[in-house]
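[1] Got a predicted structure plus its sequence, pasted below:
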Amino acid sequence: MAQKKITIPEIKARKNDPNAITMLTAYDYPWALLVDQAGIDMILVGDSLGMVVLGYPDTVSVTMDEMIHHIKVVTRAVNHSLVIGDMPFGSYNVSIENAVENANRIMKEGRADAVKLEGGAVMAPVVEAVIKAGIPVQGHIGLTPQTASALGGFKVQGKSADAARALIEDAKALEAAGCFSLVLEAIPAPIAKLITEMVSIPTIGIGAGVDCDGQVLVTHDMVGLFDKFVPKFVKQYAHIGKQIADAVGQYRDDVRNRRFPEDKHGFSMKAEEFEALKASLE
């Protein structure tokens, strides 16, 4: 029996649920099918696709058109999970009007259920405007990959008392702006726990400890399909990159040595038809 579609109110109601909220990324139809069928609560079509799928050196290079292309592919596959489309760099930090327009594109063209954007209190007016336009927003604070260079690289955020206080203020501002949930990335576990206790919306951790209301990982990291680097906060549940490479190598060797295809992989015809063909060619 198919599982029913998860809604925003259901996610919000999972605040402080003993069973943590599950979230993973997906960027194409086959992966989205697998993640959805596994019963994951939320699927993020993240701008991380720039690095793990498109081969860019960062997430900043991803365009709106590329995001929408991948979002609408994922939404075609999903029946259960709540699908969140990432707003790429430059799509919401130019102006409020630009942000609302691009969020509308993600919802209308991509058929997403919500959008996600990075940034703390400074982005609260943008979040508020997008929500007023009828579009649910998931916030994202801590390590924000789109602005990692300004943060000194891919580093843990909130390690000092002042930095942690700023993160708490960011979380409260995004909650007040109307976010339905909040991603906390690369934040010391005690600070993430404190934020989780201080806001009324679910927190989704990635490198933020076990006390968040849910967890998210980049699927390609989790299954060992992206090997340029593995963040400390990633647990690899499989190593399918190596399995794929081994399979491709076996195929190469079988083809070169004429072990593939075998008779069972091909098609035949009646002997008399083949003889008639040969006779007609003489």
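    Looks like it arrived, so ask away. This one's a predicted model, so the numbers in the text were calculated from it and none came from an experiment.

[2] mind checking how far Leu54 is from Pro18?
    Using Cβ to Cβ, to the nearest Å, one gets 38 Å for the distance from Leu54 to Pro18. Where you see a C-beta, it was placed from the backbone N, CA and C, and this is true even at glycine.

[3] gap between Val53 and Ile187?
    Taken as Cβ to Cβ, the span from Val53 to Ile187 is 26 Å.

[4] more crowded one of these two?
    For Val53 versus Ile187, neighbours defined as other Cβ atoms under 10 Å are more numerous around Ile187 (29 against 18).

[5] OK, contacts around the more buried one?
    141-143, 156-158, 167, 195, 205, 207-209 (Cβ atoms under 8 Å, 6 or more residues apart in numbering).

[6] And it, how far from Val230?
    According to Cβ to Cβ, Ile187 and Val230 sit 19 Å apart.

[7] Also Glu169?
    Taken as Cβ to Cβ, the span from Glu169 to Val230 is 32 Å.

[8] Can you show me the strands along the stretch 51-200 of the chain?
    82-86, 114-116, 137-142, 181-185 (DSSP state E, counting those that start in this stretch).

[9] Only C-alpha atoms, please: export the third one in CSV.
    Right, the one you point to is strand 137-142. This file holds the C-alpha atoms of strand 137-142, laid out as CSV (Å, rounded to 0.1, in the frame of the first residue of the first chain):
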residue,chain,number,x,y,z
VAL,A,137,10.5,28.0,3.6
GLN,A,138,13.1,25.9,5.3
GLY,A,139,15.9,28.0,6.8
HIS,A,140,19.6,27.0,6.9
ILE,A,141,22.2,28.4,9.4
GLY,A,142,25.6,27.5,10.7
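
[10] which stretches of the stretch 51-200 of the chain have low pLDDT?
    145-155 (pLDDT under 70).

[11] try 90 this time
    The stretch 51-200 of the chain contains residues with pLDDT under 90 at 58, 143-159.

[12] In it, what residue spans correspond to helices?
    Secondary structure of the stretch 51-200 of the chain (DSSP state H, counting those that start in this stretch): helices at 64-77, 96-108, 124-132, 161-177, 189-198.
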